[in-house]
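Asker: Curious how this folds, go ahead:
(2 chains)
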2 protein chains.
Amino acid sequence: MSNDTTPHRHGPGCSHDHGHDARDTGVAGIALPDDAASPILVEVTRGNMVESIHRGRAAVVHASGTVEAGWGDRSSLIYPRSANKSLQALPLVETGAADAFQLSDAELALACASHSGEPMHTERVAAWLNRIGLSEADLECGSHTPYNVAAWEAMLKRGETSTQLHNNCSGKHSGMLTTALHRGEPTKGYVGYQHPVQQRIMGTIEQVTGQDLSNAPWGVDGCSIPTIGIPLEALAFGMARMADPVDLPDRRAEAAKRLTAAWGRHPEMVGGTGTFDTTFMEMVKGHILVKAGAEGVCCVVVPEAGIGIAVKIDDGASRAAGPAAAAILRKLGLLSDAEWEALLPLVQPGIPNRKGFDCGVLRAAF
Amino acid sequence: MSNDTTPHRHGPGCSHDHGHDARDTGVAGIALPDDAASPILVEVTRGNMVESIHRGRAAVVHASGTVEAGWGDRSSLIYPRSANKSLQALPLVETGAADAFQLSDAELALACASHSGEPMHTERVAAWLNRIGLSEADLECGSHTPYNVAAWEAMLKRGETSTQLHNNCSGKHSGMLTTALHRGEPTKGYVGYQHPVQQRIMGTIEQVTGQDLSNAPWGVDGCSIPTIGIPLEALAFGMARMADPVDLPDRRAEAAKRLTAAWGRHPEMVGGTGTFDTTFMEMVKGHILVKAGAEGVCCVVVPEAGIGIAVKIDDGASRAAGPAAAAILRKLGLLSDAEWEALLPLVQPGIPNRKGFDCGVLRAAF
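Answerer: So this is what the prediction gives:
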């Protein structure tokens, strides 16, 4: 796949004007021509017919760099979105910021999280910010209502409104603020592409994935930080090195181990009650780590095998990414029969009607 | 496309068992092989890269039966879901039930609607049921929280829970109950495949679309009634005959005209505040009628041109179906420059971050 983007390091800011730019001008970026469609990874049935399908790409890479398996164009660029939060959290640990501010495992897990805005998440983030002398007002992620519907309903009944603490990325942002504070960098504007926090993260991802991202296309994520276009297989390689960081510099390898340990020990922090990621990791007792990203991304880290996986559903459907990743794990023999059986309601969910009866099923199609 | 389904008229009911059947046995139904991918109808950008794409199929058919335009495999089977509610409402009018119970235009629009569960919808449905001597308890659609978030929040603050009236299909179901009552058929069980109400609807759709659906694959819709697999272009032809019913039997043609008139006069009943369908029809002053269906379906009726359009987004994304249909209307010259310009925020929406700034755009890609 050719990446015919023009250099754009100072490119798309996120302003009202930008929306107009995107509407009026051509977008270079990736091409997914009609005659090179990705394979069907997931199908959704209803009655006795397939109703919808999800095409996508996936790469399975070993920490040695060997590509173990692939679906579709593995070299195509994708935005990792929230699925690479563990890579984005590496500087928090390796700069010494995490130690300086005595971050707990739960807080490190929150730094890698897309949490559901439940009290167990928001109270912990608030306490963390308070401990480092900052507050919710220092976050620059914006707010949205909690993903957890019960949490939101309870708030509404109490007459509360959502704050930036409820943003699923508030833990990641607290980690970025912690790093900035520790390094004596301005906390204001830490979400900007040129801010040292973001440049440090980009450099770290470049080293871990073996990519030069200086001219990579990028966009602004939902939480206002940059998300950088990266080849799917490079993202999988980055996850493989999180799984087995033996070839990373010592300080970075230590940071990777500490983050994956926290991620596996606190699945409830990384997602939330009933989410795919949390439920999956709880059911496999944390020996496999998963992380969703917006627009149909899923990253997987398998420490015991030194394997990393990256999945991108072409159409951006979050419902398909996790189940596709799970089916790949099963195909690779990384999930036991007992685990697969127990995971079925999660990875091969029924499609219920409004009375709660299943009318079909969502399942892998490869 | 070969339709190699086995006859299944008495097939998939909607029970707990069924979910297991769907999981354990093969599903015949449509095939969308990797090497015959549908074209990309919609793309979603972020910064300077295309992040996600939506492939799909579309058919534009004239009331004469002429196919005016097409994208992808027009003969493939799709479930129309809620996009064919106007066809499902024909018997309500042509049996005389609508007149016998003095249904208003707003009520006829609700019979064709996927409403947002706002008070303007639920109060009207409740009054309608009361007038025919029935109540919310006679509905068999199940309940879900209102699509309209403000309506839901207001309910939560008042300590209310959602009822079957809030189901987006409660108007359609009230129409079915009205027909059953008028014809002296049992109201209990009216959602069943074999119930006269559903068989009458199937026969009507067969006549209007020119299809034999007796052996068509089918499934149970979210609101528990059958949804029947039908070739995409046949669904578009059905919509074309709603647009210009000149070749339909007199009574049916009259019913079609009355329903499309009600649909165009009450866009706020067919969807709800801020929905794509309602906003679109209000902006074009009802001279074009649109109706969304679950899993990425959109039907369009253009009375002035005798044109019907059916769109199915392969992956089921609702965000893509309306914009794809709008772009087709524009390509056909059925939307003026002024209309297109005014519709842009709806049909080519920005992709905002959590602070409300656009980071990309969703737009047609053909």
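
Asker: any chance you could map the helices in chain A?
Answerer: A:16-24, A:85-94, A:97-100, A:105-111, A:119-131, A:149-157, A:170-183, A:196-209, A:232-243, A:250-265, A:267-270, A:276-283, A:318-331, A:337-347 (DSSP state H).

Asker: of all the ones you listed, which lies closest to residue A:58?
Answerer: helix A:318-331 (5.9 Å; Cβ to Cβ). Yep, even glycine has a C-beta here, placed from its N, CA and C like the rest.

Asker: Residue A:222 reaches residue A:294, doesn't it?
Answerer: Yes: here residue A:222 reaches residue A:294: they are 6.2 Å apart, a contact under Cβ atoms under 8 Å.

Asker: what's the overlap in contacts for the two?
Answerer: Both residue A:222 and residue A:294 are in contact with residue A:81, where contact means Cβ atoms under 8 Å, 6 or more residues apart in numbering or on different chains.

Asker: could you list every residue that touches the residue nearest the centre of chain A?
Answerer: Among the residues of chain A, the one closest to the centroid is residue A:83, at 1.5 Å (Cα atoms, centre = their mean). For residue A:83, the contact set (Cβ under 8 Å, 6+ apart) comprises A:235, A:291-293, A:297-299, A:310.

Asker: do the same with residue A:270
Answerer: Contacts for residue A:270 (Cβ under 8 Å, 6+ apart) come out as A:109-110, A:112-115, A:263, A:277-278, A:281, A:291.

Asker: Return the residues of the stretch 151-300 of chain A in contact with chain B.
Answerer: Residues of the stretch 151-300 of chain A lying near chain B by Cβ under 8 Å from any Cβ of the partner chain: A:153, A:156-157, A:159, A:167, A:217-224, A:227, A:229, A:295-296.

Asker: Give me the buried entries from those residues.
Answerer: Taking 16 or more other Cβ atoms under 10 Å in any protein chain shown as the criterion, what is buried in these is A:156, A:167, A:217-224, A:227, A:229, A:295-296.

Asker: now those in CSV, with pLDDT and distance to residue A:271?
Answerer: Formatted as CSV, those follow (pLDDT from 0 to 100; distance: Cβ to Cβ, whole Å):
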residue, pLDDT, distance to residue A:271
A:156, 90, 22
A:167, 98, 14
A:217, 97, 28
A:218, 97, 26
A:219, 98, 24
A:220, 98, 23
A:221, 98, 18
A:222, 97, 16
A:223, 97, 16
A:224, 97, 21
A:227, 98, 19
A:229, 98, 25
A:295, 98, 17
A:296, 98, 16
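
Asker: Only alpha carbons, please: show stretch A:194-207 as PDB.
Answerer: This file holds the C-alpha atoms of stretch A:194-207, laid out as PDB (Å, rounded to 0.1, in the frame of the first residue of the first chain):
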ATOM      1  CA  GLN A 194       4.400  20.300  19.800                       C
ATOM      2  CA  HIS A 195       4.200  20.000  23.600                       C
ATOM      3  CA  PRO A 196       7.200  18.100  25.000                       C
ATOM      4  CA  VAL A 197       4.800  15.500  26.500                       C
ATOM      5  CA  GLN A 198       3.400  14.600  23.100                       C
ATOM      6  CA  GLN A 199       6.700  14.800  21.300                       C
ATOM      7  CA  ARG A 200       8.200  12.500  24.000                       C
ATOM      8  CA  ILE A 201       5.400  10.000  23.500                       C
ATOM      9  CA  MET A 202       5.800  10.100  19.700                       C
ATOM     10  CA  GLY A 203       9.600   9.500  20.000                       C
ATOM     11  CA  THR A 204       8.900   6.600  22.400                       C
ATOM     12  CA  ILE A 205       6.400   5.000  20.000                       C
ATOM     13  CA  GLU A 206       8.900   5.500  17.100                       C
ATOM     14  CA  GLN A 207      11.600   3.600  19.000                       C
END
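
Asker: Once you drop chain neighbours, what's closest to residue A:323?
Answerer: For residue A:323, ignoring the flanking residues on the chain, the nearest one in space by Cβ to Cβ, 6 or more residues apart in numbering or on different chains is residue A:347 at 4.8 Å.
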